[in-house]
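# Quick one, structure for this:
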Amino acid sequence: MSEKASFEQSMSRLDEIVSLLEKNEIPLEQAIGLFEEGLDLVQLLDQQLQGFETKVQELMLRHQRQEGQDRES
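This next block holds a predicted model:
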């Protein structure tokens, strides 16, 4: 999966991988490949979530600063 995939696309693919692995009906080699892909997706999703969290914190801080400036005016 491309690193440009949306968060939702990556989550969907991870869900698909989990479902495939839970069925336990695929050859071991394929299961290992899917497991590796899943780990890569987890890392990518974690990075995206951290970025989202940082963005939300920045927005909240900016809003608080603007609110403080508005009160001073």
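
# contacts, neighbours, all on C-alpha from now
Noted.

# Quick check: which element contains the residue positioned nearest the centre of the chain?
Central residue of the chain (Cα atoms, centre = their mean): residue 45, 2.3 Å from the mean position. Per DSSP states H and E: residue 45 is located in helix 28-72.

# ok, back up a step: and the residue nearest to the centre of the chain, what's its pLDDT?
The model reports residue 45 with a pLDDT of 97.

# so who does it touch?
For residue 45, the contact set (Cα atoms under 8 Å, 6 or more residues apart in numbering) comprises 7, 10-11.

# In TSV: these, plus distance to residue 59.
Shown next, in TSV, are the contacts of residue 45 (distance: Cα to Cα, whole Å):
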residue	distance to residue 59
7	20
10	25
11	25
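
# for the residues you listed, which one is nearest residue 60?
When the contacts of residue 45 are compared for distance to residue 60 (Cα to Cα), residue 7 wins out at 21.8 Å.
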